[in-house]
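1. Let me see the structure of the following:
(chains A and B)
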Amino acid sequence: EDQVTQSPEALRLQEGESSSLNCSYTVSGLRGLFWYRQDPGKGPEFLFTLYSAGEEKEKERLKATLTKKESFLHITAPKPEDSATYLCAVQAGTGGSYIPTFGRGTSLIVHP
Amino acid sequence: DGGITQSPKYLFRKEGQNVTLSCEQNLNHDAMYWYRQDPGQGLRLIYYSQIVNDFQKGDIAEGYSVSREKKESFPLTVTSAQKNPTAFYLCASSRYTGQGLDTQYFGPGTRLTVL
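-> Reported below is the predicted structural model:
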């Protein structure tokens, strides 16, 4: 069974204090790993898709990396507007329906 | 602008009522999905459809029903058989490529409350 674990569950940072969110996974043949940002009461907003170990993608203060067992979402010098829940989802590439499995998310609060 | 719309944003249901949540997309995506989100839990898949007139049950389909008569539309009905329907419901869509399903894009969600 595909599993996705995100840590920590919650993270509080001061503005400018860089940190990383973790997404560890066990799947049969990774096809893709997705990161989303979700604001309270809204739908998830797509951030990145990573396909293979060693791949990296960046967007403003966010950088996503991928290894064979986990992905990190690095937040550099965060601002209060980066406060949100960050969701990770993994898509298996062999067997099944290719429907992504989601983690429970990391709730990030950035204090000014 | 291309995107996914869900309506209504808020919905209240009385005991024993069926209610239908609307989801429309103009992204020309083949696949559409319904998820349920509860506090502290990840997104749980209710139903998905890869092509018109075909759909499959997800992990928590009991008490729900769907239809896919048009590519753009994938309504979800929450029936009276769903004993704990209060939740945030999310619709998503994606392309279906020759190598499987592509990145999912989500609508704004519908919050359903049972009175």
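
2. Need the pLDDT of the residue most central in space within chain B.
-> Centroid-nearest residue in chain B: residue B:34, 2.6 Å away (criterion: C-alpha atoms, centre = their mean). pLDDT, residue B:34: 98.

3. That one touches residue B:20, doesn't it?
-> No. In this structure, residue B:34 is not within contact of residue B:20 by C-beta atoms under 8 Å, at 11.7 Å. In this view, the C-beta of every residue, glycine as well, is placed from N, C-alpha and C.

4. anything in contact with each of the two?
-> residue B:76 (C-beta atoms under 8 Å, 6 or more residues apart in numbering or on different chains).

5. Show me the shaky parts of chain A.
-> A:94-97 (pLDDT under 70).

6. Get me the contact residues on it for chain B.
-> Residues of chain A found near chain B (C-beta under 8 Å from any C-beta of the partner chain) are A:4, A:31-32, A:34, A:36, A:41-46, A:49, A:87, A:89, A:91, A:93, A:97-100, A:102-105.

7. Of those residues, which belong to strands?
-> A:4, A:31, A:32, A:34, A:36, A:45, A:46, A:49, A:87, A:89, A:91, A:102 (DSSP state E).

8. List just the nearest of those residues to chain B.
-> Taking C-beta to the nearest C-beta as the measure, chain B lies nearest residue A:102 of these, at 4.2 Å.

9. Show me what residue A:5 is bridged to.
-> Per DSSP bridges, the residues bridged to residue A:5 are residue A:24.

10. One more: residue A:110?
-> Beta bridges link residue A:110 to residue A:13 when assigned by DSSP bridges.

11. Contact partners for it?
-> A:12, A:13, A:14, A:15, A:78, A:79, A:80, A:81, A:82, A:83.

12. Run through the residues that contact residue 30.
-> Assuming you mean chain A. Residues near residue A:30 by C-beta under 8 Å, 6+ apart: A:51, A:52, A:68, A:90, A:91, A:92, A:93.

13. that's the wrong chain, I meant chain B
-> Residue B:30 neighbours (C-beta under 8 Å, 6+ apart): B:50, B:51, B:71, B:94, B:95, B:96.

14. List only buried entries from these.
-> By neighbour count, with 16 or more other C-beta atoms under 10 Å in any protein chain shown, the contacts of residue B:30 hold B:50, B:71, B:94 as buried.

15. Identify, from those, the entry nearest to residue B:6.
-> Set against residue B:6, the nearest of the buried ones among the contacts of residue B:30 by C-beta to C-beta is residue B:94 (15.9 Å).

16. Confirm for me that residue B:52 is in contact with residue B:71.
-> Yes. Between residue B:52 and residue B:71 there is a contact under C-beta under 8 Å: 5.4 Å.

17. helices and strands around the strand or helix carrying the residue nearest to the centre of chain B, which ones?
-> Assessed by DSSP states H and E, residue B:34 sits inside strand B:31-37. On a contact count with 3 or more C-beta pairs under 8 Å, 6 or more residues apart in numbering or on different chains; DSSP states H and E, strand B:31-37 meets strand B:19-25, strand B:44-51, strand B:87-94.

18. tell me the most buried of these?
-> For these, average neighbour numbers computed from mean count of other C-beta atoms under 10 Å in any protein chain shown are highest in strand B:87-94, which has a mean of 24.

19. and it, how far out from the chain's middle?
-> 5 Å (C-alpha atoms, centre = their mean, to the nearest Å).
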